[in-house]
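J.: Build the 3D model from these lines:
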Amino acid sequence: MRWKLPPRIHGYVNRHGKPVFYYRQRGEKKIRIHGFPGSDLFMAEYEAAKAGGAGRIEIGAKRTVQGTVNAALVGYYRSDAYKALAPTTQKNRRAILEGFREVHGDKRIALMHTTALQNIISGKTPAAQLNWRKAMRGFIDYCIAQKLIKSDPLAGVKLLKGKTKGYHTWESSECAQFEERHKLGTRARLAYELLLQAGQSRCDVVRMGRQHIRNGMMTMGRQKTGVPFNVTIMPRLQEAIDAMAADKKNLTFLVTHQGKPFTAAGFGNWFRDVCREAKLPERCTSHGLRKAAATYLAELGATDHQLMSWFGWTSISQAQVYTKAANRKRMAQQAGQLIPGTGIGSPVNPVSQNDSQHIEKTGAGK
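T.: A predicted model of the protein is given here:
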């Protein structure tokens, strides 16, 4: 006999031929539900399981001792500060913190000191040091607020100054090479145009759809921070959107070969593959197109606040990275115009003050 099972109810027939049902929710233990679906006993236990949360598993519950790094991390993961982070940020920072827990989990949190933290990061690259400090910053702030530690051991930690410029900004020749390989009407070309023309992160590009466009303007909130951004749909981007048939099953512009929306990580892997199909170097990534978009707008004269609105940045320093570079380039071009031969500045053959010169007499003394 088949029953229609309520949400989160799973069932099977055991080796004695009897049906067994249980309630299961992610992050919780299974709860046995007696009776048959629809019966008074079954529904009563089902409602109790939904409301009670008796089977909830506390993170790290089996390996925590009060006052240790383990216990402090358990509390931090349950805190509002950690839960307020974007899912991708939670995942990245937790990976770092779990590595820290693996080595130091049984140590007393109150004894954490600057020298120990400095020794931990000493062998890391500048980029890894920066990510490690970001992850630890939230955890240390939680510990201070909960009075688990008296002072900030992270305050005195010194990081190496990184010399890397980060992700490579696509050059015009690389863009032309991609466009030659992936023509209008392909998923790869639409993804490329969304990245370059909208200039957003991959986690936002995979969520974009026609429902976000009103009167020629795309308005969304960044997945990572929730900060809104506003992007004008330029003719070139509109052409790429129109070249693809609308998917009536999904709200997003981009879908996988299986017809499902991309995840941010899945999109990044797929876009890397289509870049390799275009014979582009490994330095060409999806984020590099976002940097190319910001560079282009800055060189056209966009202000700091205009860039912040377009890209959804919260800090003016992020915009100034591009406007300062554009201003330097613009001033260098203006300086070049002062060089003789450009029509501005000194003449090509300046008059020497040491040579005798013919002076034409004019006026009364002529």
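J.: Please make it C-alpha for all contacts and neighbour counts, starting now.
T.: Fine.
J.: and L184, how many neighbours?
T.: Here the number of neighbours of L184 (other CA atoms under 10 Å) works out to 18.
J.: mind checking how far it is from R236?
T.: L184 sits 10 Å away from R236, going by CA to CA, to the nearest Å.
J.: what about the strands in the stretch 1-150 of the chain?
T.: Counting by DSSP state E, counting those that start in this stretch, residue ranges of the strands within the stretch 1-150 of the chain are 9-13, 19-23, 31-33.
J.: what's the most buried one of those strands?
T.: Burial of those is given as mean neighbour count (mean count of other CA atoms under 10 Å); strand 31-33 ranks first at a mean of 20.
J.: returning to that earlier point: reformat the strands of the stretch 1-150 of the chain as TSV; add mean pLDDT.
T.: Listed next are those as TSV, based on pLDDT from 0 to 100:
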stretch	mean pLDDT
strand 9-13	86
strand 19-23	87
strand 31-33	86
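J.: Any chance of JSON lines for the ones you listed, columns distance to K150?
T.: Formatted as JSON lines, the strands of the stretch 1-150 of the chain follow (distance: least, CA to CA, whole Å):
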{"stretch": "strand 9-13", "distance to K150": "47"}
{"stretch": "strand 19-23", "distance to K150": "44"}
{"stretch": "strand 31-33", "distance to K150": "42"}
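J.: Surely E179 touches L190?
T.: No: assessed by CA atoms under 8 Å, E179 is found out of contact with L190, at 10.4 Å.
J.: Tell me which of those two has more neighbours.
T.: A direct count of neighbours by other CA under 10 Å for E179 and L190 places L190 higher, at 24 against 16.
J.: That one: what's it in contact with?
T.: By CA atoms under 8 Å, 6 or more residues apart in numbering, the residues touching L190 are L184, L237, A240, I241, M244, L254.
J.: Filter those down to the ones in helices?
T.: L237, A240, I241 (DSSP state H).
J.: and these as JSON lines, adding neighbour count?
T.: Shown next, in JSON lines, are those (neighbours: other CA atoms under 10 Å):
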{"residue": "L237", "neighbour count": "19"}
{"residue": "A240", "neighbour count": "20"}
{"residue": "I241", "neighbour count": "22"}
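J.: low-scoring stretches of the stretch 151-300 of the chain, by residue?
T.: 162-165 (pLDDT under 70).
J.: And the helices in it, which stretches?
T.: 172-181, 187-193, 202-205, 235-242, 264-277, 286-299 (DSSP state H, counting those that start in this stretch).
J.: any chance of those helices in TSV, with distance to L41 too?
T.: Shown next, in TSV, are the helices of the stretch 151-300 of the chain (distance: least, CA to CA, whole Å):
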stretch	distance to L41
helix 172-181	63
helix 187-193	52
helix 202-205	45
helix 235-242	54
helix 264-277	44
helix 286-299	55
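J.: Indicate which one of these is closest to I120.
T.: Of all the helices of the stretch 151-300 of the chain, it is helix 264-277 that lies closest to I120, at 28.7 Å by CA to CA.
J.: Not counting that closest one itself, show me its contacts.
T.: With contact meaning CA under 8 Å, 6+ apart, helix 264-277 is reached by F178, R181, A188, R202, C203, V206, P281, E282, C284, T285, S286.
J.: Quick check: buried residues in it?
T.: Neighbour counts over helix 264-277 (16 or more other CA atoms under 10 Å) mark A264, F267, G268, F271, R272, V274, C275 as buried.
J.: how about the residues you listed in JSON lines, adding distance to K329?
T.: Listed next are the buried residues of helix 264-277 as JSON lines, based on distance: CA to CA, whole Å:
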{"residue": "A264", "distance to K329": "34"}
{"residue": "F267", "distance to K329": "34"}
{"residue": "G268", "distance to K329": "31"}
{"residue": "F271", "distance to K329": "31"}
{"residue": "R272", "distance to K329": "30"}
{"residue": "V274", "distance to K329": "32"}
{"residue": "C275", "distance to K329": "29"}
